[in-house]
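>>> Got a predicted model here, sequence first, then my questions.
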Amino acid sequence: MPNTLTERVGLSIGRHFVSLSCMQFIPDKPEKPHVFSGFVMAIADEWFYVTAGHILRAVRAALTSGSTFDIWRLGDQTAARGKFNHTAIPFDFNLENWLVIEDETLGIDYAAVHLGTLYRLQLEAGSVEAFQRDAWSDHMVASDHWALVGIPSESVSYDGKTNIGARFVLAPLNKADAPEQAGKRAENQFYAQLAEDYEGVVRDIDGMSGGPVVNLKYGDEGGWRYGLIGVQSAWYPSIRTLAICPFSSFAVALEQAVLPALARSNTAAE
């Protein structure tokens, strides 16, 4: 049984966290493994996978430069906790299926893709749960703590054959002011710093982009409650500051975009 706050929160939020991994094949260079951070949310009982938009931009740029990608997988190990011997779920990755809202100069950085029934059933079998609408929150809401969960690139390993390894991390955060270099991006982001006592655990949070940022509040009746407040976007390593894109505004916009399509689909099915 988990016996620390970090372990308890990590297990709770880990139910929603899903990694996205692949192999990149670069001409005349060794193959390169990637593990991206992301999570699952629900809209009208349909599941969507959410991550940072700049990840999709980087994949598109690599494809344009001659790279190819293969062996895409959804990883539910943080929810399953070894239930299926760390077997990931094959994923049919298609850039054209993604909704990407991303502008680096303005600090807007979101991407989402619908997960069909087959993926949902497999993820549910691995104990994954989607963030429901009642968990959508805002960084302005009073809370006791913030935390980011994800997979830092520094933890990714590859055996040169078939196995990609990585370490799931929960990083406690402290609220921070916008860095001077943020510029216009500060209009669409909020900021946090890694808690000082956590710097020995994570040296560089590169790779945690796309991971969920949550607020935590201890309830009057006991027990911790958490809400999803942001999507990790960027990292200022010299001042150990994270740039985070608010979740609620993106979630509402996504909901407004997909609900009419879901309604039309349900009508056609009838």
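All right, it came through fine.
>>> Helices along the stretch 51-200 of the chain, start to end?
Under the criterion DSSP state H, counting those that start in this stretch, helices of the stretch 51-200 of the chain are mapped to 53-64, 77-80, 117-125.
>>> which stretch among the ones you listed comes nearest residue 238?
Set against residue 238 and scored by CB to CB, the helices of the stretch 51-200 of the chain come closest in helix 53-64, at 19.5 Å. For the C-beta atoms, the positions are set from N, CA and C on the backbone; glycine is no exception.
>>> what about that closest one, distance to the chain center?
Helix 53-64 sits 16 Å away from the centroid of its parent chain (CA atoms, centre = their mean, to the nearest Å).
>>> Buried ones in that helix, by neighbour count?
53-56, 59, 62 (16 or more other CB atoms under 10 Å).
>>> do stretch 89-103 as well
Neighbour counts over stretch 89-103 (16+ other CB under 10 Å) mark 89, 91, 93, 98-100, 102 as buried.
>>> ok, now stretch 154-166?
Of all the residues in stretch 154-166, those buried under the rule 16+ other CB under 10 Å are 156, 158, 164, 166.
>>> Then stretch 185-199?
Neighbour-count burial for stretch 185-199 flags 185-186, 188-195, 198 (criterion: 16+ other CB under 10 Å).
>>> Residue 19: which of the buried residues of helix 53-64 is nearest?
Closest approach to residue 19 among the buried residues of helix 53-64 (CB to CB): residue 55, at 11.8 Å.
>>> Distance-wise, check that closest one relative to residue 187.
Residue 55 sits 22 Å away from residue 187, going by CB to CB, to the nearest Å.
>>> ok so, going back, what's the most distant pair in the buried residues of stretch 154-166?
Using CB to CB, those span at most 9.8 Å, a distance reached by 158 and 166.
>>> shared neighbours, these two?
Applying CB atoms under 8 Å, 6 or more residues apart in numbering, one finds that no residue jointly contacts residue 158 and residue 166.
>>> And for residue 144, the neighbour number?
Look at residue 144: counted by other CB atoms under 10 Å, it has 10 neighbours.
>>> correction: residue 251
So residue 251, with other CB under 10 Å, has 23 neighbours.
>>> where does it land in three-state SS?
Here residue 251 is recorded as helix under DSSP: H, G, I helix; E, B strand; the rest coil.
>>> what's it in contact with, if anything?
By CB under 8 Å, 6+ apart, the contact list for residue 251 reads 41, 43, 133, 136.
>>> looking at the sheet around the spatially closest residue to the third one that is not a sequence neighbour, what are its partners?
What sits nearest to residue 133 in space, not counting adjacent residues and going by CB to CB, 6 or more residues apart in numbering, is residue 42, at 7.3 Å. When assigned by DSSP bridges, residue 42 has beta-bridge partners residue 47.
>>> so how far is residue 141 from residue 42?
Using CB to CB, one obtains 20 Å as the distance from residue 42 to residue 141.
>>> hmm, back to that, which one of the helices of the stretch 51-200 of the chain lies nearest to residue 15?
That would be helix 77-80 among the helices of the stretch 51-200 of the chain, by CB to CB, at 4.8 Å.
>>> Looking at the buried residues of stretch 154-166, which is nearest residue 28?
Closest approach to residue 28 among the buried residues of stretch 154-166 (CB to CB): residue 158, at 18.6 Å.
>>> so who does the closest one touch?
Counting by CB under 8 Å, 6+ apart, residue 158 makes contact with 33, 164-165.
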